[in-house]
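**Q** Provided below are the primary sequence and the corresponding predicted coordinates.
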Amino acid sequence: MIREATIDDVAEIAALGVKFFAEAENDLSPKFSAEKTAQFIIEMIMSDEASIIVGTNSDYRIVGVLGNVISKPFFSDDITVHELFWYVDKGYRGSIGRRLLKALEDRAMGLGATFVSMSCMTHPMDMDSYYKRNGYSIFEKTYVRRL
């Protein structure tokens, strides 16, 4: 099942955050804080400008999560919905990830958005082909330097 997250989901979503960080951590990763993660999840759930969409298994346990925020560029009235994080537990990748993405696109259309913006880390897997298969184009790249 795909649905909006509630305050009751914070612990399960945060647990997926721990799994994501463990899987994706590299030398450019910031330090992980479970407390900061839980607080951020609460702020997103309570916000009118953000949402968290969750996917559950047959036991109603959360196994996928997609956090997003609404914005307008300073130069346009076009609404963009930006993915902030997207993670699906390894055992559930395939269908739940695509259903989360579809729910995000539906949310964006319901808000009158012109764009959905997705991002991906280059480690541990490259998502370029997945995004392209689902109609996305590369628009911008981000470069990071550790100080």
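**A** Looks like it came in fine.
**Q** Put the alpha carbons of the least confident helix or strand in the chain by mean pLDDT into PDB.
**A** Across the helices and strands of the chain, the lowest-confidence element by mean pLDDT, DSSP states H and E is helix 128-133, at a mean of 85. Output for helix 128-133, consisting of C-alpha atoms alone and laid out as PDB, is shown next (Å, rounded to 0.1, in the frame of the first residue of the first chain):
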ATOM      1  CA  ASP A 128      20.400   7.200 -14.700                       C
ATOM      2  CA  SER A 129      18.900   4.400 -16.700                       C
ATOM      3  CA  TYR A 130      16.000   4.000 -14.300                       C
ATOM      4  CA  TYR A 131      15.100   7.700 -14.500                       C
ATOM      5  CA  LYS A 132      15.400   7.800 -18.300                       C
ATOM      6  CA  ARG A 133      13.200   4.700 -18.700                       C
END
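**Q** buried residues in it?
**A** For helix 128-133, burial by neighbour count (16 or more other C-beta atoms under 10 Å) applies to Y131. Heads up, the C-betas are built off the backbone N, CA and C, glycines and all.
**Q** Which elements pack onto that helix?
**A** Helix 128-133 is packed against no helix or strand, with contacts defined by 3 or more C-beta pairs under 8 Å, 6 or more residues apart in numbering; DSSP states H and E.
**Q** which other residues reach it?
**A** Contact partners of helix 128-133, identified using C-beta atoms under 8 Å, 6 or more residues apart in numbering, comprise 118, 120, 138.
**Q** Now, of these, which are buried?
**A** The neighbour-count criterion (16+ other C-beta under 10 Å) marks M118 among the contacts of helix 128-133 as buried.
**Q** Just give me the least confident of the contacts of helix 128-133.
**A** Taken together, the contacts of helix 128-133 show their lowest pLDDT at C120, with 79.
**Q** show me the contacts for S119.
**A** Each residue near S119 by C-beta under 8 Å, 6+ apart is listed here: 82-83, 142.
**Q** Pull out the buried members of these.
**A** Neighbour counting with 16+ other C-beta under 10 Å marks 82-83 as buried within the contacts of S119.
**Q** Show the residue spans covered by the strands in this protein.
**A** Taking DSSP state E as the test, the strands found in the chain are 2-4, 50-56, 62-71, 80-88, 115-117.
**Q** All set, thanks.
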